[in-house]
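Participant: Kindly return the folded structure for what I paste below:
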Amino acid sequence: MSEVTYTYSKVRKEFGRQVEFQPTDPESLADMAPNPEVKAQYERIDPCETEVQNVPELSEAQTNTDRISLKHQAQLHAEGGWPMGIDPTEFEEKLKHCKKAERDEGYYGAVKNLVEKCMEKYLKQNNAIDIYGTYFADQQSDAALGPPSVKTVTVFKDPSPVKRTAVKMSWLSDGKKLAVAYCNLRFQGSVEGMSTASHIWDVSNPNEPAETLVPQSPLCSIEYYGKDPHLIAGGSYNGVVQYWDTRAPKKPVGKSSIDESHKDCVWDIKWLQAKTGEILSVSTDGQAFIWDCRKPEKPTDSMTIKKFDADTLSLKPGANSPVLGGTCIDYDAAVGGPAKYMIGTEQGTVMVCNRKQKEKILSTFNGHHGPVYLVQRNPFHPKFFLTVGDWTARLWADDSKTGCLFSTYYHKAHLTHGGWHPQRAGVFFTTRMDGCMDVWDLMTRQSAPVLTVQVSDFALHTMKSTPEGHHVAVGSVDGTTTLLELSPSLYTSSTAEKLAVGRMLDNEATRDKNLEKESKAKSQARSQAQAKKNQPRPSDRDQNAGDDAALQEASDAFLKAVEKDEEHHKKELEALEAKRAKLRDDIEEGLEIHDEDAA
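Facilitator: A predicted model of the protein is given here:
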């Protein structure tokens with residue numbers, strides 16, 4: 001079969017001159033001012049990232065499925081198959097029969113055979129699948145996720161003309177809004193007319209706050225209520241605890257009386273698991289209060305934070321037990337229990353407390369050289385918790401009393417805050433006063449962070465990760481809050497990571513216990529040796545008297561042995577003399593003497 005072709009021809013001069021491109025300066029062809037009416041209908045997004053291509057993007061996909069024939073068929077659902085003695089209408093009789101059948105040895109074998117024979121058939125009955133569905137979300141992809149990295153998504157700046165520190169942050173449960181508490185923490189740094197407002201930011205609009213909370217005193221702590229996204233609580237610089245309804249944010253719904261409040265800054269607050277809504281607050285005045293939202297004027301329960309003696313399990317009295325100032329709280333009903341919480345103090349002590357017990361302070365952990373700015377339990381292994389303070393971040397276990405299981409190296413700059421990643425068991429963050437944020441991954445290495453990011457030229461003060469773990473908000477002392485997006489390698493968790501991290505932490509805890517036992521055994525042996533060494537030694541006179549007594553006893557024994565031998569020898573001589581006298585008598589009488597008798 002011949003191929004059909006057609007040739008086009010054209011004169012060379014009709015092609016035109018060859019095109020040559022040369023670099024030139026930009027030239028403005030037209031300048032059209034925006035329409036003010038149309039411009040008012042849009043919001044400016046800064047920064048804005050977009051991609052532009054001069055050709056359309058195309059993708060090709062194809063799939064092949066087995067063609068099946070469908071038909072409609074009625075099905076009657078009726079209960080049957082019971083033995084003659086079982087009434088199907090009696091639930092108790094059926095339950096007894098089922099339990100009896102489950103105890104039979106062949107029951108599990110029969111069920112296994114039915115599953116192997118029939119399960120594949122029924123699974124293939126409906127082979128219509130969604131090709132866009134994610135069927136293996138928990139399985140890590142074989143493709144590399146890339147190196148750990150972060151990028152800046154947006155920046156929220158404090159609208160106040162006098163810049164204040166972003167002290168605390170709290171995310172809404174859906175991750176779309178971020179509440180930031182602003183306060184000037186410099187000593188006597190407040191000026192007349194300085195704003196006391198804190199703001200709630202919408203992630204999609206960084207230009208202005210979505211809502212503004214206006215307390216009488218600046219907020220030092222803020223927290224969303226998990227059960228109601230419209231309620232948010234805050235602790236003020238003057239010690240007052242209050243909460244707002246974000247639908248009417250200009251005035252708090254309830255607040256504590258100034259006389260019954262804390263006497264110093266409220267550095268941290270948490271919502272407790274309760275039907276009525278309770279708030280736990282802690283301050284550097286040495287008090288931890290629990291407030292009921294129905295009667296917020298005065299606390300319903302309180303605890304004084306005092307020095308705890310771990311050896312005698314009692315509070316140290318007198319001047320040796322000063323009141324400790326609280327700086328941070330950890331509370332999660334799903335992690336530590338509804339009545340159990342932890343308090344970090346400005347003296348470097350961490351306390352485990354239980355509000356239901358008589359002795360509310362259960363145990364203490366000492367290791368930091370300065371204030372503890374964060375204490376948080378691991379979301380997957382609540383037995384272990386993280387603390388951040390001085391120049392290090394430390395990892396502890398509830399049942400370990402000798403020291404921390406893991407500690408970062410001493411940084412050149414003070415650490416100010418940190419926290420666990422909500423979706424990965426071995427990843428946590430720390431912020432520093434030199435403006436850097438460190439990302440630590442225990443699965444990769446424990447000696448150094450996997451990523452260090454220079455977030456700001458100013459000191460960082462706080463940070464908070466979104467519930468899904470894809471973004472991290474970091475606040476600095478100049479009032480700037482930077483929203484960072486993590487790379488997939490930092491928020492993607494594998495199925496084996498949780499077990500591997502748990503096993504690693506358990507091994508460290510077991511090693512710590514073994515070292516503690518060995519140390520106690522060595523200490524006990526040293527004590528016994530010292531006690532034996534300190535026993536009074538006998539004098540020389542007593543020693544000589546003892547030697548004389550032993551010598552006299554040996555001499556008496558020797559003399560007794562000699563006397564016994566002499567007596568035995570004397571008896572033998574007497575017997576021999578008697579025998580000789582008898583022989584002489586026999587000879588004189590003329591009796592015959594045998595050799596045996598003579599001998």
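Participant: Okay, domains of the chain per the record?
Facilitator: 150-515, 557-598 (automatic domain parsing).
Participant: winner for burial among those?
Facilitator: Among these, domain 150-515 has the highest mean neighbour count (mean count of other Cβ atoms under 10 Å), at a mean of 19. From N, CA and C alone the C-beta is placed, and that goes for glycine too.
Participant: Would you confirm that Thr481 belongs to a strand?
Facilitator: Yes: Thr481 forms part of a strand when assessed by DSSP: H, G, I helix; E, B strand; the rest coil.
Participant: Low-confidence ranges, this structure, go.
Facilitator: Applying pLDDT under 70 to the chain flags the ranges 1-4, 125-144, 189, 307-321, 336, 535-547, 590-599.
Participant: Could you pull up the residues touching the residue nearest the centre of it?
Facilitator: In the chain, the C-alpha nearest the mean C-alpha coordinate belongs to Asn378, at 1.9 Å (Cα atoms, centre = their mean). By Cβ atoms under 8 Å, 6 or more residues apart in numbering, the residues touching Asn378 are Phe384, Phe385, Leu386, Trp420, Ala425, Leu505.
Participant: how close does it sit to Ile343?
Facilitator: 18 Å (Cβ to Cβ, to the nearest Å).
Participant: ok so, going back, Asp66 is nearest to which of the domains of the chain?
Facilitator: domain 150-515 (30.9 Å; Cβ to Cβ).
Participant: what about the residue nearest to Asn205 when sequence neighbours are not counted, how many residues close to it?
Facilitator: If the residues on either side of it in the chain are set aside, Asn205 comes closest to Glu43, at 6.2 Å by Cβ to Cβ, 6 or more residues apart in numbering. Applying other Cβ atoms under 10 Å, we find 10 residues neighbouring Glu43.
Participant: Please tell me how far Glu43 sits from Gln188.
Facilitator: 39 Å.
Participant: same question, Asp228
Facilitator: In terms of Cβ to Cβ, Asp228 sits 38 Å off from Gln188.
Participant: returning to that earlier point: among the contacts of Asn378, which are in strands?
Facilitator: Assigned to strands by DSSP state E, the following of the contacts of Asn378 qualify: Phe384, Phe385, Leu386, Trp420.
Participant: Check the separation of the first and last residues in stretch 57-66.
Facilitator: Taking Cα to Cα, to the nearest Å as the measure, stretch 57-66 stretches 30 Å from start to finish.
Participant: how far is it from where the chain is centred?
Facilitator: Offset of stretch 57-66 from its chain centre (Cα atoms, centre = their mean, to the nearest Å): 45 Å.
Participant: Give me the buried positions along that stretch.
Facilitator: For stretch 57-66, burial by neighbour count (16 or more other Cβ atoms under 10 Å) applies to no residue.
Participant: Show me the helices in this protein, by range?
Facilitator: 36-39, 91-102, 107-123, 333-336, 488-491, 497-533, 540-588, 595-598 (DSSP state H).
Participant: Turn these into CSV, including distance to Ser149.
Facilitator: As requested, the helices of the chain are exported to CSV (distance: least, Cβ to Cβ, whole Å):
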stretch, distance to Ser149
helix 36-39, 36
helix 91-102, 54
helix 107-123, 41
helix 333-336, 30
helix 488-491, 8
helix 497-533, 19
helix 540-588, 81
helix 595-598, 121
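Participant: So which residues of the stretch 251-400 of the chain form strands?
Facilitator: Assigned by DSSP state E, counting those that start in this stretch, the stretch 251-400 of the chain shows strands spanning 254-255, 266-272, 278-283, 287-292, 301-304, 308-309, 314-315, 326-330, 340-345, 349-354, 361-366, 372-377, 384-389, 392-397.
Participant: Please produce a markdown table containing those, extended by distance to Thr495.
Facilitator: Listed next are the strands of the stretch 251-400 of the chain as a markdown table, based on distance: least, Cβ to Cβ, whole Å:
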| stretch | distance to Thr495 |
| --- | --- |
| strand 254-255 | 45 |
| strand 266-272 | 31 |
| strand 278-283 | 35 |
| strand 287-292 | 39 |
| strand 301-304 | 41 |
| strand 308-309 | 40 |
| strand 314-315 | 46 |
| strand 326-330 | 27 |
| strand 340-345 | 29 |
| strand 349-354 | 31 |
| strand 361-366 | 32 |
| strand 372-377 | 22 |
| strand 384-389 | 20 |
| strand 392-397 | 23 |
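Participant: Which among those is found nearest to Glu92?
Facilitator: Here strand 340-345 is closest among the strands of the stretch 251-400 of the chain (Cβ to Cβ), at 41.4 Å.
Participant: From the chain's centroid, how far away is the closest one?
Facilitator: That offset, for strand 340-345, works out to 14 Å (Cα atoms, centre = their mean).
Participant: Which strands or helices does that strand pack on?
Facilitator: The contact analysis (3 or more Cβ pairs under 8 Å, 6 or more residues apart in numbering; DSSP states H and E) places strand 340-345 against strand 326-330, strand 349-354, strand 372-377, strand 384-389.
Participant: The shortest one pairs with which strands?
Facilitator: Pairing partners of strand 326-330, with direction, according to DSSP bridges: strand 340-345 (antiparallel).
Participant: now the partner strand and strand 266-272, what's the angle there?
Facilitator: 170 degrees (axes from the mean of the first three to the mean of the last three Cα atoms, to 10 degrees).
Participant: Convert strand 340-345 to CSV, retaining C-alpha atoms only.
Facilitator: Provided in CSV are the C-alpha atoms of strand 340-345 (Å, rounded to 0.1, in the frame of the first residue of the first chain):
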residue,chain,number,x,y,z
LYS,A,340,-2.6,14.9,86.8
TYR,A,341,-0.5,17.9,85.7
MET,A,342,3.1,19.1,85.7
ILE,A,343,4.5,22.5,86.8
GLY,A,344,7.9,24.0,85.8
THR,A,345,9.4,26.5,88.2
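Participant: between that strand and strand 384-389, how many degrees?
Facilitator: 20 degrees.
Participant: what's strand 340-345 in contact with?
Facilitator: 270, 280, 282, 288, 305, 324-331, 336, 350-355, 371-375, 377, 385, 387, 389.
Participant: same thing but at 7 Å, please
Facilitator: Contact with strand 340-345 is made by 280, 282, 288, 305, 324-331, 350-354, 372, 374-375, 385, 387, as judged by Cβ atoms under 7 Å, 6 or more residues apart in numbering.
Participant: returning to what we had before: closest to Ala581 out of the ones in strands among the contacts of Asn378?
Facilitator: Phe384 (106.6 Å).
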